[in-house]
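> model the structure of this input:
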Amino acid sequence: MRVKSGLGYNPGVWYTRVYPRSPLFHLVRSSPSSFNCFFFLFFIYCLRGGRPLPKILPINLVLQPPHPPPLLPPTPAAPSPILPAVRRPPQSASRLNHLNGSAVDIKKAELKKYIKEKMKDREALLPSAIKNKEKRSAVHAKLKHQKKLEKKKKAKVREAEEKKALELGEEPPARPIPRTIENTRELDETVCKPDDEELFAGNDADEFSCILKEERTPKVLITTSRFHSSRGPAFIQELISVIPNAHYHKRGTYDLKKIVEYANNKDFTSIIVVHTNRREPDALLVIGLPSGPTAHFKLSRLVLRKDIKNHGNPTNHQPELVFNNFTTRLGHRVGRLIQSLFPQDPNFRGRRVVTFHNQRDFIFFRHHRYIFETKESKEPESQGKGKKEAAKTQEKVITRLQECGPRFTLKLISLQHGTFDTKGGEYEWTHKPEMDTSRRRFFL
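Predicted coordinates:
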């Protein structure tokens, strides 16, 4: 494409605006043929969308390489002032040796100080930061021993202060209370109080009052889920030995609602369903009859009787019941539901005790036998100076425990009104992940 001469431009000369540092400039400069110039102008024409070209310059003028700036002669540097040389007085050989020795002593002192600091840092190093197993165990044992010695020293000082206060007839200093998650729990409005008349009135009218008042004897039906494992029956057998008047019925293909109807017709007071998953019992469903409620517990940390070291065998006596830390309204209701599984007239001759201990909403189950024994202890009695001390015997009553098993932990998942109903049942309480936002919030 040629530019017409009528436009005021010189015909036969290609015009455009080219920058010397652009790749197109190098393309045209390397081979300034007519084809390359045509392709170059057509490319710019297409980029501008067919609009007229701006103010342009002839290529032969623009393609000239830029002239470098003229080199100026270097300016001479200012002469630096010449300072007069300072001569030091000559030193003797003994003086030089003395100075070198003091420098060596300073370096040795600094090195010793550095080594001591490193040793202190190594002693203060945590065992978890040591990779060598033998060194890590040695450091851990050393720290444990130091803590034990410090604890004993503090205990001796505290005993001496208490003894001195008793001799002077003063009150001994109060022992410090350790800060734990339990005594720093969040305030809960539903915590039961000993003077709560509404709570006692509700206990007289709830679903468990007839059993807890010994108006009705508890009778428990124990069954399994449809697909139970080999460890499930062993756990059920031990539950039958723990809960008096408990009966096992095979589940088969029966629906749970039909089992509830059957238990109501046979005058059962409760149903326990042991759910298994991957050949391991993992949940308990406790249904109160005839009108509920239904509690769903997660079962964990199951240890059977045969796996407990030095275990004992339980007798057929009715056990004593111990319930700890069921302080809220919900915990009180769950505790009464579990309490309704057992008869309320324990036989103290059997010395059996069943414990349900609630701690941080985990219910720990333990089954023990206990015995009282008298133990004689000899204490020296002073009879004055120069005489031997005579031994004085004292008898102390101690209690010994023997675990009978099983051992497991329960975690409440839901509490439902009435008997088991997955479709139309109303829930009193359900556990949700949004509730676990604080470690100091408990619901039981």
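
> CA atoms for contacts and neighbours, from now on please.
OK.

> so what touches the host helix or strand of Ile236?
For Ile236, the element it lies in under DSSP states H and E is helix 231-242. In this structure, residues lying in contact with helix 231-242 by Cα atoms under 8 Å, 6 or more residues apart in numbering are 222, 224, 246-248, 274, 276, 279-281, 304-305, 314, 316, 367, 405-406.

> what's the distance between Lys112 and Phe348?
As for Lys112, its distance to Phe348 is 72 Å (criterion: Cα to Cα, to the nearest Å).

> Phe356 in helix, strand or coil?
strand (DSSP: H, G, I helix; E, B strand; the rest coil).

> now Arg440, nearest residue through space, not along the chain?
Counting by Cα to Cα, 6 or more residues apart in numbering, the nearest residue to Arg440 once its immediate chain neighbours are dropped is Arg185, at 4.5 Å.

> I'd say that neighbour and Ser438 touch.
No. Contact status for Arg185 versus Ser438: not in contact, 9.5 Å apart, counting by Cα atoms under 8 Å.

> the more surrounded of those two?
Taking Arg185 and Ser438 together and counting by other Cα atoms under 10 Å, Arg185 has the greater number of neighbours (14 against 10).

> quickly note the distance from that one to Leu330.
In this structure, Arg185 and Leu330 are separated by 16 Å, where distance is defined by Cα to Cα.

> ok, His140 next?
Taking Cα to Cα as the measure, His140 and Leu330 are separated by 43 Å.

> next: Pro218.
Distance check for Pro218 against Leu330: by Cα to Cα, it reads 22 Å.

> okay, the two: which has more neighbours?
More crowded of Pro218 and Leu330, by other Cα under 10 Å: Pro218, with 22 against 17.

> helix/strand/coil for Lys258?
Going by three-state DSSP, the secondary structure assigned to Lys258 is helix.

> with the one 4 residues further on instead?
With three-state DSSP as the basis, Tyr262 sits in helix.

> tell me the contacts of it?
In this structure, Tyr262 makes contact with no residue, judged by Cα under 8 Å, 6+ apart.

> pLDDT score for it?
The per-residue pLDDT reported for Tyr262 equals 93.

> could you do Tyr15 as well?
Taken from the predicted model, the pLDDT recorded for Tyr15 is 43.

> His249 and Ser225 touch, don't they?
No. Using Cα under 8 Å, His249 is not in contact with Ser225, being 11.2 Å away.

> in this structure, where is pLDDT below threshold?
The model of the chain has pLDDT under 70 over residues 1-105, 118-125, 228, 379-391.

> could you list the domains of this protein?
If the domains of the chain are taken from automatic domain parsing, they occupy 5-62, 136-175, 197-380+392-435, with pieces of a single domain joined by a plus sign.

> single out the most deeply packed of these.
The densest packing among those, expressed as mean neighbour count by mean count of other Cα atoms under 10 Å, is seen in domain 197-380+392-435 with a mean of 17.

> top helix in the protein by residue count?
Using DSSP state H to assign secondary structure, the helix with the most residues in the chain is helix 133-167.

> distance between the next helix or strand after that helix and the chain's centre?
Next along the chain after helix 133-167, taking DSSP H and E as the criterion, comes helix 197-205. The gap between the average C-alpha position of helix 197-205 and the chain average comes to 38 Å, counting by Cα atoms, centre = their mean, to the nearest Å.

> convert helix 197-205 to CSV, retaining C-alpha atoms only.
Provided in CSV are the C-alpha atoms of helix 197-205 (Å, rounded to 0.1, in the frame of the first residue of the first chain):
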residue,chain,number,x,y,z
GLU,A,197,-39.0,-27.1,95.6
GLU,A,198,-39.9,-27.3,92.0
LEU,A,199,-37.3,-30.0,91.4
PHE,A,200,-38.7,-32.2,94.2
ALA,A,201,-42.2,-31.7,93.0
GLY,A,202,-41.2,-32.8,89.6
ASN,A,203,-39.4,-35.9,91.0
ASP,A,204,-42.7,-37.0,92.6
ALA,A,205,-44.6,-36.8,89.2
